[in-house]
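Fold the following, please.
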Amino acid sequence: MKQVSQNYKTGTIRLEEVSVPGLKKGGVLVRTHFSVISAGTEGMKVKEGKMSYVQKAKARPDQVKKVVKTVQQQGLQAAYQKVMNKLDSLTPLGYSLAGVVEAVGEGAEEFRVGQRVACAGVGYANHAEVNFVPKNLVIPVPDDVQLEDAAFSTIGAIAMQGMRQAEMQLGETACVIGLGLIGQLLVQLLRAGGIHVVGIDLVDDRCQLAMELGAEFAGAADDPVMQSTLARLTGGHGIDCIFLCAGGSSNAPVERAVEMARDRARVVDIGKTRLDLPWKDYYEKELDVRFSRSYGPGRYDPNYEEGGIDYPIGYVRWTERRNMAAFMDLLEDRKVRLEPIIAEIRSFSEAETVYQEIADGRSKGLGIVFSYDVSQDVAPRLSQMSCPVVPTQGQVCIGVIGAGNYASSMLLPHLARDPDAHLVAVATTTSLSAANAERKFRFDRITTDYHGLLEADDIDAVVIATRHATHAAMVAEALAAGKAVFVEKPLALTFDECEAVRQAAVDANNDRLLVGFNRRFSPLIQILAEQTGGGDIPLMIQYRVQAGQMESGSWYLDPNEGSRFVGEAGHFIDVLTYLTQSRPVTVYAAALRPNRTLPDDTDNVSVTITYENGSVGSLQYLTQGGAKLPKEWIEVHGAGRSAQLQNFEQVMTYTSSQQEKFKGQGVNKGQQEEMAAFIRAVRTASPMPISFDDLLDTTLVTLAAETSLKTGRVISLASLWNHESDA
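Prediction:
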C-alpha cells in the first residue's frame, strides 16, 4: 500500500510503498476513503523540515532539552546517535480521516467489517491507504453524512474542545482571531451554540467566508464596521471571550485580544500562538487565559488512546472521542457546513505535488482533502526488494522483529556493518518503521506479520526488539521454531512468563538465547572484572544508577509493560553476576517511600543480593536524584583491591601500593561487542555469550526484588522455580 512520509532531516515528503499495518488488540484496520490535510499543523511540519539543524533546534526547544539531558547522562556519542537516528527517520503525516473498517481486533467488537467510520490520531489516522486505529479514536459515521465531510471530525473536535474550554453561555459574544480551518469551524460551532461571533483575519477571502458561515462581521480589528458591530453586540463593554486561532511569531493577536476584551473576559489559546502577555493590561482587566489541548481529554494519555480505557462520563463529560461524535451530530443535523471550506479534493496519488505546493506557498485553500482509489484490493503482504542481496556463505541470516528508536540507533547499525551478518527481513506493527529500517539497513524484505520470520527457512537467528510485554511469548515462539534468539531486556515480566520461556527451551531442546544485557560486554566492564578477580574471591559491589524521571505518557510507565525497574534492572543485575562469577542466593529490596513531597515512586529501589561465593551486590536504582549526576557508578571491593567505574568513561583501581586509571574511548556500553558476540556464537555454533541459567537467574532476581518490595521479606532464589515467590 502507499503512505505519505516525511524525512525530518531533509524535509523530503514522499509517497512510500509500504506493508499494510498489522491488526492488534483494541482497534480496527480502516481502509481510507478521504483524509484531510491540516494546513496549520502539517504546514508547520513542512516548513520545519526545510530548516537547518540550528533552525530546527530553535523551533523545538523541548527536544533540545532532551538532547542536553542525554549528553549529561550517556555522553555525546550516544546522544548524537539517537538524535541523528530520530532526524533521519520516516515519520507519518495526517491525523484526520474517514473510511471503512477492513478488520476488527480483539476488544473492539463494537465495530464491524464494512462499517463507515471517522478516525483520529497522530501516528494512527495517517495519510495512508490502510491504517490501524485504536477504538477510542474511532467513531461511526451516520448513513446521511458524506465521508469527505466525516474526514474533518478530528479537526472539528479541536474547535469544539476550544469552545468547551471557554464555557460560554447563550447570548454571549466571541471573537475568533485567525480564520483558518479551525477558525472557520469554530465560527459555526459558536453560532450553533447561540453565541454572537465576530472574526479577525488579514485575508479578505477568509473574512468573507466567515460571514457566509455565520459571523456577524469579520475583517480587520480597526475596521469602523468592526467597532460599531462590537458596540452593538456588547453594549460597549467588550467581548466575553477571544479565541486565538492564529499561528506565527507575531504577538499582535495577544495584544489585540486585551484591547477587545471586557473586564474579566476569557482568552482561549487554540493555535500555536506567541504569548508574550502585556502584564499590566491583562492584570488590570483580570483576564482569564486558558489553553485548549488538542481534541479533548484523553489526548496524550496512552491508557485512553492506546489502551482503550475510557473516562467515566460522570467525571469527564467530553473526551476526544465524544467531541468527535458531537461534531458528527452537527454534520448530520446540517448545523456545520463544510462544502465552502473544502478548497479542493485531490487524488492521493498527487500527495507529493500537493505538499510541494504547500511548501512553495502556492496552496491557498483552507481544507484540502485527499481522495483514495478504493477500487483496488490492498491485502496484507510481504514486501520484498526487487534485487535482494544474496548472503555470503557462512553469514548468519537474521530476521528482526521491531525497529524502534533503540533498535535503529543501538543494534541494527552494528548488525548492518558486521560482515558475518546478513539482514534478511524486518517485521514491525507500523508500516513506516519497517520501510524506514529497509531504507537504512538494506533488509531484503519487510512485513508487518512477524510469524513469517519465524517460519522462514532462510533465517537463522531472530532479533526481538519490541515492547516489553511481548518479549516472553515471542522468545518462546522463536525457540520453538528452532531459531537462535536475541531479545532486548527484559526477558519476562512475571514468574510465569519466565517459566514459559524455560519450558519452551526444554520442549524444543533449544536454549540458543541471548538477552540484551549489553553492559558486561563493555570494554571498561571487562577491565573492571580483570582488576577485581571474582569467582573464588568474595566481592562487595555497589552499583548506583541515576535513571532520572521519565516523561509523562512514556510507554515505559505503562503498567501493562511492567514497571520501569523490571524493564531496566536486568542490565545492572547481570553486571553484578558477571563480576562475582557466582549464582545469586537471596534478594532483598526496599523502596523510597512516599511522603508529603515525593510521589509514590517504587522505581527508587535499593536491592541487596547475596551470592554462593559469599559476595554481596547492592543496586541503587534512582529516579529522584540530581539531573546532572552521571548515570552509572560502580565500586568493587575485595582481597585488598578496590575499583571504580565512572559512567563508562574510565575505571580507577586502588591497592595498598598504587592507583591506576583506565580510560575508555567515549561512553561505550557494549552494544557493538554484544551483537558481534551473538553473531559469532550463532555462526560457529559455540556456546552463547551468557549462559541460559544466568539469563534466567538475572530475570528471577529482578522479579524477586519486586516481590520483596511488596512483602518486605528476603526472597530465596531456590524457591522460585516452584513459584514460591512469597517464601
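
buried set for stretch 474-487?
474-479, 481, 483-487 (16 or more other CB atoms under 10 Å). For the C-beta atoms, the positions are set from N, CA and C on the backbone; glycine is no exception.

can you pull out the helices in the stretch 201-350 of the chain?
For the stretch 201-350 of the chain, applying DSSP state H, counting those that start in this stretch gives helices covering 204-212, 224-234, 252-260, 279-285, 302-305, 320-332.

returning to what we had before: go through the buried residues of stretch 474-487 and name the one nearest residue 661.
Residue 661 lies nearest to residue 486 out of the buried residues of stretch 474-487, by CB to CB, at 33.6 Å.

In the record's domain split, what are the boundaries for this structure?
2-152+338-371, 158-291, 388-515, 519-722 (automatic domain parsing).

now for those, which one comes closest to residue 305?
domain 2-152+338-371 (5.9 Å).

Contact partners for the nearest residue to residue 590 once chain neighbours are set aside?
Spatially, and ignoring its direct neighbours in sequence, residue 590 is nearest to residue 606 (5.2 Å; CB to CB, 6 or more residues apart in numbering). Applying CB atoms under 8 Å, 6 or more residues apart in numbering, we find residue 606 in contact with 589-591, 618-621.

quick revisit: okay, the domains of the chain in CSV with distance to residue 315 and mean pLDDT next?
Listed next are those as CSV, based on distance: least, CB to CB, whole Å; pLDDT from 0 to 100:
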stretch, distance to residue 315, mean pLDDT
domain 2-152+338-371, 16, 85
domain 158-291, 15, 95
domain 388-515, 28, 92
domain 519-722, 20, 89
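
and of these, who's closest to residue 327?
Among the domains of the chain, domain 158-291 comes nearest to residue 327, with 5.6 Å by CB to CB.

can you pull out the helices in the stretch 351-500 of the chain?
351-360, 405-406, 412-417, 431-441, 451-455, 471-480, 495-508.

Which of those sits closest to residue 326?
helix 351-360 (29.6 Å).

The closest one packs against which elements?
Counting contacts by 3 or more CB pairs under 8 Å, 6 or more residues apart in numbering; DSSP states H and E, helix 351-360 packs against strand 13-17, helix 41-49, strand 367-371.

hang on, the earlier thing: and of the domains of the chain, who's closest to residue 320?
domain 2-152+338-371 (6.7 Å).

Report the angle between the strand ranked longest in the chain and strand 367-371.
Under DSSP state E, the strand in the chain containing the largest number of residues is strand 27-38. Counting by axes from the mean of the first three to the mean of the last three CA atoms, to 10 degrees, strand 27-38 lies at 140 degrees to strand 367-371.

Pairing partners for strand 27-38, with directions?
strand 96-104 (antiparallel), strand 130-134 (antiparallel), strand 367-371 (antiparallel) (DSSP bridges).

could those strands go into JSON lines alongside distance to residue 342 and mean neighbour count?
JSON lines is the format used below for the strands paired with strand 27-38 (distance: least, CB to CB, whole Å; neighbours: other CB atoms under 10 Å):
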{"stretch": "strand 96-104", "distance to residue 342": "13", "mean neighbour count": "24"}
{"stretch": "strand 130-134", "distance to residue 342": "21", "mean neighbour count": "26"}
{"stretch": "strand 367-371", "distance to residue 342": "4", "mean neighbour count": "23"}
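
Using CSV, list the CA coordinates for stretch 586-593.
Listed next in CSV are the C-alpha coordinates belonging to stretch 586-593 (Å, rounded to 0.1, in the frame of the first residue of the first chain):
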residue,chain,number,x,y,z
THR,A,586,18.9,-14.3,48.2
VAL,A,587,17.3,-11.0,47.3
TYR,A,588,16.0,-8.2,49.5
ALA,A,589,14.7,-4.8,48.2
ALA,A,590,13.5,-1.6,49.8
ALA,A,591,12.0,1.4,48.1
LEU,A,592,11.9,5.1,48.8
ARG,A,593,8.6,5.5,50.5
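
what does that stretch contact?
Residues contacting stretch 586-593 (CB under 8 Å, 6+ apart): 598, 601-602, 604-610, 624, 701, 704-706, 708-709, 713-717.

circling back: got a winner among the contacts of residue 606 for most neighbours?
Tallying neighbours with other CB atoms under 10 Å puts residue 589 at the head of the contacts of residue 606, with 28 neighbours.

and the next element down the chain from the one helix or strand it maps to?
Using DSSP states H and E, residue 589 sits within strand 584-591. Downstream of strand 584-591, the first helix or strand assigned by DSSP H and E is strand 605-611.

tilt between that following strand and strand 584-591?
Angle, strand 605-611 to strand 584-591, by the same axes, to 10 degrees: 170 degrees.

partner strands of strand 605-611, parallel or antiparallel?
strand 584-591 (antiparallel), strand 616-622 (antiparallel).

can you redo those strands as JSON lines with distance to residue 287?
What follows is those, written out as JSON lines (distance: least, CB to CB, whole Å):
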{"stretch": "strand 584-591", "distance to residue 287": "45"}
{"stretch": "strand 616-622", "distance to residue 287": "43"}
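
for those, which one sits closest to residue 632?
Evaluated over the strands paired with strand 605-611, closeness to residue 632 peaks at strand 616-622, with 10.5 Å, by CB to CB.

next helix or strand past that closest one?
strand 632-638.
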